[in-house]
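A.B. asks: no sequence on hand, only this structure:
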């Protein structure tokens, strides 16, 4: 047995620990330039390890592995993890908020501009081209998932089954649960680390977590009483994030199914426009939820959808870090996650299919999509692809 030590007992003395204000400013600065989604993890590591010396390499890598295994936006969760390790739950909160705030504010502004301008001819041309690029982005995400998680033929089978199920209208959440069950059954030969490294300085999060859960529950009850429609929006986004294994892009099949196909809150083209706006803002692609909320209920909808989509990720980080040693040593957990990750390659491929089948194609749009896909496969920065594509769309298409 080993003895856990409180966060105050880590090698960093109290005088060396960053203040909450410094954590907020540091992650706010990163958040302003956090284009590229998961690529920002490298910049978080550089700041936390090399520039600030807040964490050591082993602690950071373990946190990254945990965040990749949990549903939600990975880069956002890594920001919360760094704050949690350095200043406990309060540090996690200010780091998480600081990192995500720029994306939220920019998306709110872009959503307001979209409402006023999306019918203008230049805007119609711009978004028609961006929709072709969005299809390339989602297709590239499916390929990336496959490259990362397909090791054996059975991985591909899980992905194909997931894609077929989603194309034929099965709820993505049911697909994910089924994939987890398949993973438990077919990955019985997966090797599990039985003696994981024990990290010191594990923060105690039990009481703060209970307090936050009570506050969130009361908030949802109050919203249910005062504004049932906005409650439905916020609770939907909350549920989507709970099942978004594999990072922010994994939320797209869930959001598409619920927002477009089940509730008909918007059509495919408008949803794709929201994804395109999400790509030109810093932060994770799940910021598309802000666009959905704004389009549905205005500013209050944008705020509540954002809270709904980001709260589960934060709660899972602070709730699981103290028990991570046990979690990463669980055979059942690892097998289930394997199945889920493989299913998301199929789900993303089916999203690309849905988007492509609902778009009017011509030679310029097809060429733009193919060029964007090739550029993504060669790892050209997605921000440049979207910006150059926007210029071509506005003035050429």
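C.D. replies: Thanks, I have the structure now. All of these numbers come straight from a predicted model, not from anything done at the bench.
A.B. asks: so for the host helix or strand of residue 145, mean pLDDT?
C.D. replies: Residue 145 belongs to helix 121-149 when assigned by DSSP states H and E. The average pLDDT within helix 121-149 is 83.
A.B. asks: now for the next helix or strand after it, which elements pack on it?
C.D. replies: Later in the chain than helix 121-149, the nearest helix or strand by DSSP H and E is helix 153-167. If you count contacts as 3 or more Cβ pairs under 8 Å, 6 or more residues apart in numbering; DSSP states H and E, helix 153-167 packs onto helix 121-149, helix 172-186, helix 331-357. C-beta coordinates here come from the backbone N, C-alpha and C atoms, glycine included.
A.B. asks: most tightly packed of those?
C.D. replies: Mean neighbours per residue, mean count of other Cβ atoms under 10 Å, is largest over the helices and strands packed on helix 153-167 for helix 331-357, with a mean of 23.
A.B. asks: who does the next helix or strand after that helix touch, helix- and strand-wise?
C.D. replies: Using DSSP H and E, the next helix or strand after helix 331-357 towards the C-terminus is helix 363-377. Applying 3+ Cβ pairs under 8 Å, 6+ apart, one finds that helix 363-377 contacts helix 121-149, helix 382-395.
A.B. asks: give me the buried positions along helix 363-377.
C.D. replies: 365, 368, 369, 371, 372, 373, 375, 376 (16 or more other Cβ atoms under 10 Å).
A.B. asks: for those residues, which one is nearest residue 395?
C.D. replies: Top of the list for closeness to residue 395, among the buried residues of helix 363-377 and by Cβ to Cβ, is residue 368 at 12.9 Å.
A.B. asks: I'd say the closest one and residue 389 touch.
C.D. replies: Yes - counting by Cβ atoms under 8 Å, residue 368 touches residue 389, with 6.2 Å between them.
A.B. asks: which residues do these two both contact?
C.D. replies: Residues within reach of residue 368 and of residue 389 at once, by Cβ atoms under 8 Å, 6 or more residues apart in numbering, are 129, 132, 133.
A.B. asks: and the residues you listed as JSON lines, adding distance to residue 145?
C.D. replies: As requested, the shared contacts of residue 368 and residue 389 are exported to JSON lines (distance: Cβ to Cβ, whole Å):
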{"residue": "129", "distance to residue 145": "25"}
{"residue": "132", "distance to residue 145": "21"}
{"residue": "133", "distance to residue 145": "19"}
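A.B. asks: which one of these is nearest residue 79?
C.D. replies: Distance to residue 79 across these (Cβ to Cβ) is lowest for residue 133, with 27.3 Å.
A.B. asks: next up, the contacts around the closest one.
C.D. replies: Shown in contact with residue 133 (Cβ under 8 Å, 6+ apart): 276, 368, 369, 372, 385, 386, 389.
A.B. asks: could you rerun that using 6 Å?
C.D. replies: Counting by Cβ atoms under 6 Å, 6 or more residues apart in numbering, residue 133 makes contact with 372, 389.
A.B. asks: residue 210 is nearest to which of the helices and strands packed on helix 153-167?
C.D. replies: For the helices and strands packed on helix 153-167, the distance to residue 210 is smallest for helix 331-357, at 23.0 Å, taking Cβ to Cβ.
A.B. asks: returning to what we had before: of all the helices and strands packed on helix 363-377, which one is nearest residue 173?
C.D. replies: Closest to residue 173 of the helices and strands packed on helix 363-377 is helix 121-149 (Cβ to Cβ; 17.9 Å).
A.B. asks: which residue packs closest to residue 332, ignoring adjacent ones?
C.D. replies: Nearest non-adjacent residue to residue 332, counting by Cβ to Cβ, 6 or more residues apart in numbering: residue 184, 5.9 Å away.
A.B. asks: surely that neighbour and residue 336 touch.
C.D. replies: Yes - judged on Cβ atoms under 6 Å, residue 184 makes contact with residue 336 at a distance of 5.4 Å.
A.B. asks: quick one: low-confidence parts of this structure?
C.D. replies: Along the chain, segments meeting pLDDT under 70 span 1-16, 34-39, 189-203, 246, 325-326, 328-329, 397.
A.B. asks: distance from the helix holding residue 145 to the middle of the chain?
C.D. replies: Here helix 121-149 is found 16 Å from its chain centre; the criterion is Cα atoms, centre = their mean, to the nearest Å.
A.B. asks: so that helix versus helix 382-395, what angle?
C.D. replies: 150 degrees (axes from the mean of the first three to the mean of the last three Cα atoms, to 10 degrees).
A.B. asks: from residue 131, how far off is the residue nearest to the spatial centre of the chain?
C.D. replies: Closest to where the C-alpha atoms of the chain average out (Cα atoms, centre = their mean) is residue 248, at 2.0 Å. Distance of residue 248 to residue 131, given as Cβ to Cβ, to the nearest Å: 19 Å.
A.B. asks: quick one: the helix holding residue 145 to helix 363-377, angle?
C.D. replies: Using the same axes, to 10 degrees, helix 121-149 lies at 40 degrees relative to helix 363-377.
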